Structure formats: C-alpha cells, structure tokens
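[1] Generate coordinates for the sequence data below:
(one chain, ligands or ions: 1)
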Amino acid sequence: MFKGIFITLEGLDGSGKTTQIKRLAKWLALHGLETVLTRQPGGTPTGDRIRALLLDSRGTGIAPMTEMALMFADRAQAIAEVILPALESGKVVLCDRFTDSTEAYQGGGRELGSEPVLALHKLICGNLQPDLTLLLLTDLEPSLERARNRNQRIDENIGPDENRFELEQEAFHRRVWEKYHEIAAREPNRVILIEGELSIDKVHERIVEAVAKLLKEKQVG
Ligand code: TMP
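    Now for the predicted structure:
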C-alpha cells in the first residue's frame, strides 16, 4: 500500500473539471497537504507529445485501437514518472482523467467495449485504482448543447486546435455519457457521481465533502 492518496476527476468535455481540480488543490494546500496536480493525456514530456498526437484535429486517421493504445502508453509513463513516486512519498495526487476516460471514450464512444480497456489497465497500469474518483456529469442535453456551441466556435476558427474529440458527433458523446454512468453504477464505493446543472460553488462543496470523508477514513490531515 502507498502512503499517498490518489484522486481522479472525470467527466465530459466542458464539465468544469479543470476549474474544480484547481479549487480542490487550493483546498488541500490550505489543509497542509502536499498535492501533485497532473492530467491525462499529458503531464510528462513524453505524455505531452502523445497528447499532441492524439488531440490534433488534423490527426483524423488514428484508428480506435491505436487511440486506446496511445492513451495507455501515456498513462504508463505518467504512472512511472509522476503518480507512483508521488504516492510513494505520501503526497495527494490529483489527476485530471485516468482509465475511466479510456473506458468511457474508447470503450463507450469508440465502441471498443469495457473488456479490452480493463484488461489493458491490469496489464499496463498494474490495476492501479484511485482511492476516489469524482465524476462530474451534467445532464446530457445541456452538455450536448455546449459541445455543439464549441464545435461552432471551432468551425469559426476561434477555438484551439485541441479539438479532435470535441468535434465528435452527438451519438459519440451520448455513448461516453452512458458509459460513465455504467462505471459509476458498477463501482459506487470508488466513484462519487456529481450530477445535474449545479453551480461551480455547489460542485466544489460536494467535492470537498467527499474528499474530507476520504481523508478522515485514511486519518490524514
Ligand atoms: P481534456 O481536455 O479533459 O484534457 O481531455 C482531452 C480529451 O481526451 C478529452 O476529449 C477526452 C479524451 N480522452 C480519451 O478519449 N481517452 C482517455 O483515456 C483520456 C485520458 C482522454
């Protein structure tokens, strides 16, 4: 067992994960806990190169299996270089996306199914499981609407080039959303589902509540 604590944030694109993870990092710091903030894909020099390859909207020729393999290549590097060393030294690791994203996006969205994702997770990630996963899922219709708006902005050439997944059609986002629900129902002890159209403050409150409970269980802080 590691001394540290491993927390992941999950959700659809535009779910506010990045804002929330930064607020949570500040909250943990205020409570005197040393925190490492990272994201997937990316978070290491090798991972940043993999991220660029994966998210470049011009890289449209990537096959679903290649995409899944690259996500795991990125993750293997992050585990070796960032996550395990931090956990071993007793830090709190906050990771913006982890294997649940691969299950939701490649398993669900790309229809590869959960089995290959879970099998690769065992093989490549040594089945490393987060202590807690905070899953931010707004209602489906508003999140589809936000994706449509983002696509329009990207079409108008204002948006960033990191948009290959955001450009996917509604059916893809719907499958991702459904797979996330499936994961939450399968692993209720690990995954805290924060659902609905909540304010940023309300989501933060729910997150802090779940994290405080975990810290208490682990007798940290
Ligand atoms: P981000 O913008 O939240 O950093 O995520 C980048 C995109 O990569 C997002 O659209 C989700 C996608 N993704 C996958 O498809 N599979 C994965 O395993 C991960 C980690 C991300």
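[2] so how far is L140 from the nearest residue to R148 once chain neighbours are set aside?
    Leaving aside its sequence neighbours, R148 sits nearest to E170 (Cβ to Cβ, 6 or more residues apart in numbering; 8.0 Å). (C-beta placed from N, C-alpha, C; glycine too.) Going from E170 to L140 by Cβ to Cβ, to the nearest Å gives 9 Å.
[3] Please apply the same query to V208.
    V208 is 26 Å from L140, by Cβ to Cβ.
[4] One more: A104?
    13 Å.
[5] For those two, work out which one has more neighbours and name it.
    A104 (26 against 15; other Cβ atoms under 10 Å).
[6] Could you check the pLDDT of the more buried one?
    Here the pLDDT value assigned to A104 is 98.
[7] list the contacts for it?
    A104 makes contacts with 10, 176-177, 179-180, 183, as judged by Cβ atoms under 8 Å, 6 or more residues apart in numbering.
[8] Quick check: closest non-adjacent residue to S114.
    G107 (4.8 Å).
[9] coming back round to it: between A104 and L140, which contacts overlap?
    The contact sets of A104 and L140 overlap at W177 (Cβ under 8 Å, 6+ apart).
[10] isn't G109 right up against F172?
    Yes: at 4.7 Å, G109 counts as touching F172 under the criterion of Cβ atoms under 8 Å.
[11] quick one: which of these two has more around it?
    The neighbour count for G109 versus F172, taken as other Cβ under 10 Å, is higher for G109 (23 against 17).
[12] picking up where we left off before, in TSV: the contacts of A104, plus distance to the ligand, neighbour count and secondary structure.
    Output for the contacts of A104, formatted as TSV (distance: Cβ to the nearest ligand atom, whole Å; neighbours: other Cβ atoms under 10 Å; DSSP: H, G, I helix; E, B strand; the rest coil):
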residue	distance to the ligand	neighbour count	secondary structure
E10	9	26	strand
V176	8	25	helix
W177	13	21	helix
K179	11	23	helix
Y180	11	25	helix
I183	13	22	helix
